[in-house]
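Asks: missing the sequence, but the structure's below:
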DNA sequence: GCGACAG
DNA sequence: ATCTTGTCGC
């Protein structure tokens, strides 16, 4: 019995990948508020690459949403499956991220992604994609505005301004630290934009980026270094 | 056609 | 993403 690769699982060409996004986009749920901030668990996922050795490492770190203490963590290592193409980031990151999530000993709760959800050329970024594949509530918190426009939010933490694709609000620029460059929040799956921003603020008591992202980033780098030294 | 472009 | 030391400032 041979295993058949379907484009929906592992698209090879950019054309296939865009077709997958167009097909899966219909499954995104946007009419749920999502879990209340500060309750349950929040999980950060991130990925690090070694293009030379063709190795990718992903990490998932589960935090108690109230205390931000680490509850559980896991990593996964694999081969790079897709090049970086703006708009197709999910195909590069998701296979290994799914493996890391699968390796967790407990449910992840809300998943915070490093990148975008709705704020995407086809309204189906990494966070939306991961949400649809797992059924989990997801949000995207990115460090850059991508191709979208925004006015500078007020200088104080908590200030927001719409992230715009033309006149459509696809996310928000959210100031998480006074007078520090904002982050760019968008809805992934099963979470409202207001709630996504509230979660992001709850996850940034001390630094610009969410604790989830910081923890996952540190862990996947460690996992990559460990994988490379073997 | 050219440039820009999450990580 | 990744290559990379010191340095200015709270």
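Replies: Received it, and whenever you're ready, just let me know what you need. These numbers come from a predicted model, not from an experiment.

Asks: Next to DNA strand B, which bits of chain A? Give me the list.
Replies: Where chain A comes near DNA strand B, counting by CB under 7 Å from any atom of the strand, the residues are A:46-47, A:49, A:84, A:86-90, A:114-116, A:120, A:125-127, A:140, A:142-147. Every C-beta, even on glycine, is put in place using the N, C-alpha and C of the backbone.

Asks: give me the number of residues near the residue lying closest to residue A:34 once chain neighbours are set aside?
Replies: The shortest distance from residue A:34 to any residue that is not its chain neighbour, by CB to CB, 6 or more residues apart in numbering, is 3.2 Å, and that residue is residue A:191. As a burial measure, residue A:191 scores 28 neighbours (other CB atoms under 10 Å).

Asks: With residue A:28 instead?
Replies: 20.

Asks: What of the one 4 residues further on?
Replies: When neighbours are defined as other CB under 10 Å, residue A:32 has 12 of them.

Asks: pretty sure it is touching residue A:187, no?
Replies: No. With contacts counted by CB atoms under 8 Å, residue A:32 stays clear of residue A:187, the gap being 10.1 Å.

Asks: what phi and what psi does the backbone show at the residue nearest to residue A:34?
Replies: Taking degrees, to the nearest 10, you get phi -140, psi 140 for the backbone angles of residue A:191.

Asks: That one and residue A:97: what is the separation?
Replies: Using CB to CB, to the nearest Å, one gets 18 Å for the distance from residue A:191 to residue A:97.
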